[in-house]
Each structure stands twice: as structure tokens, then as C-alpha cells.
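Asks: Next come a sequence and a model predicted from it.
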Amino acid sequence: MKSPYENESFLSTKERLIYGISNGGQVMGYSLVSSYLMYFYVNIFAIDAGVISIIFLIGGIWDIINNPLIGTFIDRKNKSDEKLTRLIRRFTPFQAVATILIFMGPVFIKSNYVLSPAKIIYLLITYFLWEFFYSVTDVSFSGLAAVISPNPIERQKAISTASICVQLSGSFVLVLIPMILDLSKSGKLGISMTQVFMGIGMIAGTVGVGLFALSGYYVKERIVQQKPIQPIKELLSSLANNKPLILLLLSNLISSFAGIGEAFSTYYYLDVLGYASLSIIAAAPAFLISLFSYSLINTAKNRFSNKVIIIGSNLIVGAFQFVVFLIGLRHFQNIKIMLPSIIICNCITGLFGGVLNTLPTEMLTEATDYAEWKTGMRTEGIAFSLKNSVVKVYGTLAQGFAAFLLNLIGYVSTSGQAVVQSNTVQKRIWIIFSLTPAVIRLVCTLPVFFYNIIGEEKQRMLNDLKIQRKRND
């Protein structure tokens, strides 16, 4: 059956590209911070890993509370068609400054004491300021996916474009930073690791946040809530009764704990295989395949529902990840065996990259439409803030738990120096790095089995929403 909006066009190519580029800039900045922040705090700023784990855990718990509060603030009041982009314009300058300051700690505080009060206070101030400003802009931008167009096909194209831009910007982090770290570590670059991380902060704050800010000026909101004020009680009731949204959020929450394994990737390539830049070789073929995979989305959607595609993709990828884990139990230190195994597994993951990067967000926009259909209330702020809360589990709680695991497995670190880890520690790094994402990917699929916005139910929702919106215009 055809979508009621199928023959209507709302989104220009220029706006879709700006939306994608903004998302790429946002993720560039966030990835530079989240991927290397724990390593920076422990190995460069020289703060005790136990302290870092506690701070990250507190930050993650606060995010789970803070993001929904921001989302509720956004949804409660409707000010024309700029309730999201207005906040992006206002808060990105503060986000840029906070991003740069995070990595300036060693410049201002020279102490090597891992429990230095000055370093801990500096960390607390800069980290939590960055978290707050990022949360406001992140929730606002994420909600744009649900309101950028009422046409589901245009939404899917916009989300796909954004996902491609995210991968391209992510490749900058994936390729350039490990090379710089290796060169600095070996002394060939001529600059210290402290200076490398200062550069990371500058790039994340200026280029990343600068590109992100474009969305506040050039992206339009085309679906607006009809009520000037939506009571908080009604918003929460709408959320509690939105079963599809709850199922998707539960799946996202489970999948976010794969961030524990991601946090250990740096330690596996550096401390087990010996070179951070091996991560580039491991990921490069999969990156190219993943770009191609976006061309397969329409073919898959013509034969299967979003629900079936997501379930099948996760099960296949999770199975291959588990096989690589088993191979690594005996060969985790052998580059000749492990690197090809990881490359093959990453390529399989990349083949499903298009659908796994696009369809979950598309399904979340469907769940937002579902709230409007059932209650007449728009809840993209709350919906995507909750989604972002569980993503922050990846960036904060998962990394905080990863920092705790470093101490638990016996990892040894000293300020500014590389330490050769024991065989036992190296094997434990491999297990956490490889097994965690495999198990999480399989488990996060379970809630999707009960998602019901498919087939005739989805078509009826779209038809009714078009009638309702025309009536309210």
C-alpha cells in the first residue's frame, strides 16, 4: 500500500544535505570526546581510573534524568515552528567552548598526583558543563528527524543521508586519531600526547560543533504540535501508553551497553596487538561496504517490514561476532589470525550498516507519530531525549563501567608512559572487547519482536494523521 504522502515533496536536496552534514559534525565532535576521553583522563591527565569510573557513572545517571527533563521542556511549549532549531542556535556556542576546555586540563594543572583535588575539580566542572550543553543541542537535533517532513520516504532519505555523513565524519576519527597517537607515542610526530589531545579538543569544538550549528539555521520543522501548551501530566501519560516507543527505547538501552566493548577497543589494539592504527585496517573495508549498504535499504523494504529487517540483521551480525570471540580465545595475540577475522566480521556488520543505522531512527519517528495519532500530542522532544539518554549510557555509564573493569582485570597504567600488560590482562581485554557487543546485539533484538507499527496498522495511522493535520491547518 502507498503512503498518503508519497506524491508530496517537502524537503529540498540542499536542506537534506545540510541536515546530514550537521549530524556528521555533531558526531565528529562527540566521537572525539567520547572515544578517547577515558584514555585521556587516565593516561594523559593522570587521574585515578576508579575516580573516573565514579564520575562517569554519576554523569550517566544524571543524563538519564536530565535528558527527559530537557525533552519535556521542549514538548511542553510550542513556539511556532522553531522549538528545536532555536535551542540549537542558542547553545552550540557554549558547547564549543566547553568541548575545547575539557582537553586543556594538563595545560592549567601540572600535578602528576592521580588524586589531585585540582584536577578532579577541573574535570567535574568542564565535563558536566559539556554534558549539559551537549544534551540540550543533542535532544533538539534528534527531534528534527520526526518533524523535518511528514513524508516517511523523505524522512528515511534524510536519516540515510545523515547516517552516511556520520560515517564519513566518523572515519576522520577512526583513521586520523589512531595514526596520530601511534606517531606521538613513537616520538616521530615531534609533539607530546598532551598536545595531541589539545588538538583533538580544538577540532571537536570548532569544526565538529561548527558544522552541527548549521542545522539551527537551515533546517525547517514541518510538523508542529497544535496545542500552545501541553500539560506535563498528559505528556507523561502519552509516553506511558506508547508501547512501540517503550519497546524501541528498551532495545536501545540494551544495545548501548555494547559501548563497554567499544571502550576496550583502544586497549585491545594498543596493549594487545601493539598498534592503535590497526583499528584503521580492521575497519576500512567495512566502511566502504557500509556506504554501499545504503543502496540496499529500498530493496529490503520492498520485501520486508522495518521490524523484520532489524531483527534479521541483528541476529546475523551477532552470530558472526560470537564466532570471532571464540576464535580469539586461543589466538587473541596473533595479528595474522585476529586481524583477518575482525576484518571479515566488520565487513558483515558493514553490509547491514545501512539498515542498522537508518531504520531504528525511522521507527522512532513512527512511534512519535503514533503518539500524535492516539493522543493528538507531539512528543518528539521526550521520545528522542529518552533515546539520547540510553545513547549516553554508551558514552558515560558504559565507559564508567569500562574504567571500573580496567581496575578489576588488573590493568596497570602510569602517567604519560605505556605499560606492557600481562598475558592474563590481555586475554581479559579481548574477552570484554569481543564478547560484549555479540551478546548485547542478540539480546537487544528481543523487544523488537513486539513492535506493531507495521502493515495495515502503519497505513491506517498515516492516513488518519494526514486527515487530522489538514483539519488543523
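Replies: Alright, I've got the coordinates.

Asks: Output the below-cut-off pLDDT ranges for the stretch 101-250 of the chain.
Replies: Applying pLDDT under 70 to the stretch 101-250 of the chain flags residues 174, 226-229.

Asks: Would you map the helices across it?
Replies: Ranges of helices in the stretch 101-250 of the chain, per DSSP state H, counting those that start in this stretch, are 105-108, 117-147, 152-186, 193-203, 209-213, 215-218, 232-240, 243-256.

Asks: between those helices, which one is nearest to N66?
Replies: helix 117-147 (5.8 Å; C-beta to C-beta). From N, CA and C alone the C-beta is placed, and that goes for glycine too.

Asks: Please name every helix or strand in contact with that closest one.
Replies: The elements that helix 117-147 packs onto, with contact taken as 3 or more C-beta pairs under 8 Å, 6 or more residues apart in numbering; DSSP states H and E, are helix 13-39, helix 49-76, helix 85-102, helix 105-108, helix 152-186, helix 353-375, helix 380-392.

Asks: Residue ranges in the stretch 351-473 of the chain under the pLDDT threshold?
Replies: Where the stretch 351-473 of the chain drops to pLDDT under 70, the residues are 391-400, 414-418, 472-473.

Asks: closest one to Q225 among the helices of the stretch 101-250 of the chain?
Replies: helix 117-147 (9.3 Å).

Asks: Report the angle between the closest one and helix 152-186.
Replies: 160 degrees (axes from the mean of the first three to the mean of the last three C-alpha atoms, to 10 degrees).

Asks: buried ones in helix 117-147?
Replies: With burial defined by 16 or more other C-beta atoms under 10 Å, the residues of helix 117-147 counted as buried are 119-120, 122-123, 126-147.

Asks: And stretch 15-33, by the same measure?
Replies: Under 16+ other C-beta under 10 Å, the buried positions of stretch 15-33 are 15-16, 18-33.

Asks: so C345 makes contact with L326?
Replies: No - between C345 and L326 there is no contact under C-beta atoms under 8 Å: 11.5 Å.

Asks: neighbour count winner among the two?
Replies: Between C345 and L326, counted using other C-beta atoms under 10 Å, C345 has the larger neighbour count: 23 against 12.

Asks: what's the more buried one in contact with, if anything?
Replies: By C-beta atoms under 8 Å, 6 or more residues apart in numbering, the contact set of C345 is 320-321, 323-324.

Asks: Compare the residues you listed and tell me which is most surrounded.
Replies: Of these, with other C-beta under 10 Å as the count, Q321 tops at 25 neighbours.

Asks: Which of the helices or strands spans that one?
Replies: Per DSSP states H and E, Q321 falls inside helix 306-331.

Asks: Throw the helices of the stretch 101-250 of the chain into JSON lines and include distance to I54, thanks.
Replies: Below are these laid out as JSON lines (distance: least, C-beta to C-beta, whole Å):
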{"stretch": "helix 105-108", "distance to I54": "17"}
{"stretch": "helix 117-147", "distance to I54": "10"}
{"stretch": "helix 152-186", "distance to I54": "26"}
{"stretch": "helix 193-203", "distance to I54": "22"}
{"stretch": "helix 209-213", "distance to I54": "28"}
{"stretch": "helix 215-218", "distance to I54": "34"}
{"stretch": "helix 232-240", "distance to I54": "31"}
{"stretch": "helix 243-256", "distance to I54": "19"}
